[in-house]
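*Asks:* quick one, structure for this:
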Amino acid sequence: MTTAPLPNGSRRSAHVLSPETRTASLATCLLAVLAVALAYPLSGGPGAAGAAIGAGMVLVFFAFGAVTVGAVASVSPAASLPVALLTYVLQVAAIGLVLLGLRSSGALETAVEPRWVAGAIIAATLVWLAAQTVAATRSRQPVYDLSATSDGPSTGAKASAS
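*Replies:* Numbering: from 1, shown residues only. So this is what the prediction gives:
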């Protein structure tokens, strides 16, 4: 990915959601609808609530992380890896805190089916990662700037050729 200005002097427009994040969000939303539709006839309202909570947590936390890393990468590409690692740790901690809150409130025993929460979290995470990976693989992003390379071979190549 290059941060060089475009030939006309402007930079690429910064979208809040990258195409990869939009694709992953859409796939996760579709999974959430499917999970709720499957959970309701099998486990009733608590199952549907569990599926919605699980998929919703993944959607919110992962989208927040992707937007945060994208915003940092557009300002300072060198800082994007540390921020990505930090947001990942915070995402895992936030999911753990929500699950702990659900357990301590007693909601997992009465209003929410814990197996559907766990299953939806796992399924939504896999769908998010797969959709984002496929979208990133298919996107065409310049990795380096050809105009910044030298016109001739490097001195090492000249020395080895003689």
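*Asks:* please make it C-alpha for all contacts and neighbour counts, starting now.
*Replies:* Fine.
*Asks:* longest helix anywhere in the chain?
*Replies:* Longest helix of the chain, by residue count under DSSP state H: helix 19-75.
*Asks:* quick one: contacts for residue 116?
*Replies:* Neighbour list for residue 116: 39, 47, 48, 50, 51, 54 [criterion: CA atoms under 8 Å, 6 or more residues apart in numbering].
*Asks:* of the residues you listed, closest to residue 126?
*Replies:* residue 54 (12.6 Å; CA to CA).
*Asks:* residue contacts, that closest one?
*Replies:* By CA under 8 Å, 6+ apart, the neighbours of residue 54 are 116, 117, 118, 119, 120, 121, 124.
*Asks:* tell me the SS of the fifth one?
*Replies:* Same thing as residue 120. Following DSSP: H, G, I helix; E, B strand; the rest coil, the label given to residue 120 is helix.
*Asks:* per-residue confidence for it?
*Replies:* Note for residue 120: predicted pLDDT of 95.
*Asks:* and the angle for the helix or strand harbouring residue 127 with helix 19-75?
*Replies:* Assigned by DSSP states H and E, residue 127 falls within helix 114-138. Counting by axes from the mean of the first three to the mean of the last three CA atoms, to 10 degrees, helix 114-138 lies at 70 degrees to helix 19-75.
*Asks:* can you tell me how far residue 94 sits from residue 44?
*Replies:* Look at residue 94 and residue 44: by CA to CA, to the nearest Å, they are 27 Å apart.
*Asks:* ok, back up a step: out of the contacts of residue 54, flag the one nearest to residue 78.
*Replies:* residue 124 (29.6 Å).
*Asks:* correct me, but that closest one touches residue 34?
*Replies:* No - contact criterion CA atoms under 8 Å: residue 124 and residue 34 do not qualify, at 10.8 Å.
*Asks:* any common contacting residues for those two?
*Replies:* By CA under 8 Å, 6+ apart, no residue touches both residue 124 and residue 34.
*Asks:* give me the more crowded residue out of the two.
*Replies:* residue 124 (28 against 13; other CA atoms under 10 Å).
*Asks:* so who does that one touch?
*Replies:* 28, 31, 32, 54, 55, 58, 59.
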